[in-house]
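> quick one: sequence and predicted model below, then my questions.
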Amino acid sequence: MRQSSSSEFKLKAASMVLDEGQPVTEVCASLDIGPTAQPSS
């Protein structure tokens, strides 16, 4: 079943990548987000 995330959670994840420069894979792992949540390259 697909899980929905709050806007606040999404902003936190985006901030970790964009503002803090953390790799998407590390942010996904730290927030327990599956690899399918990552944007395609």
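On my side now, so go ahead.

> what's the pLDDT at residue 38?
As predicted, residue 38 sits at a pLDDT of 52.

> wait, I meant residue 28
Predicted confidence (pLDDT) for residue 28: 89.

> wait, it touches residue 34, no?
Yes - the criterion here is Cβ atoms under 8 Å, and residue 28 meets it with residue 34 at 7.3 Å. C-beta coordinates here come from the backbone N, C-alpha and C atoms, glycine included.

> what's residue 34 in contact with, if anything?
Taking Cβ atoms under 8 Å, 6 or more residues apart in numbering, we find residue 34 in contact with residue 28.

> for residue 33, same thing?
13, 27.

> can you tell me the SS state at it?
coil (DSSP: H, G, I helix; E, B strand; the rest coil).

> wait, what's in contact with the most centrally placed residue in the chain?
The centroid of the chain falls nearest to residue 13 when counting by Cα atoms, centre = their mean (4.3 Å). Neighbouring residues of residue 13 by Cβ under 8 Å, 6+ apart: 27, 31, 33.

> hmm, the first one is touching residue 18, no?
Looking back up the chat, that one is residue 27. No - the criterion here is Cβ under 8 Å, and residue 27 misses it with residue 18 at 10.1 Å.

> who's more crowded, those two?
Taking neighbours as other Cβ atoms under 10 Å, residue 27 and residue 18 compare with residue 27 leading, 19 against 9.
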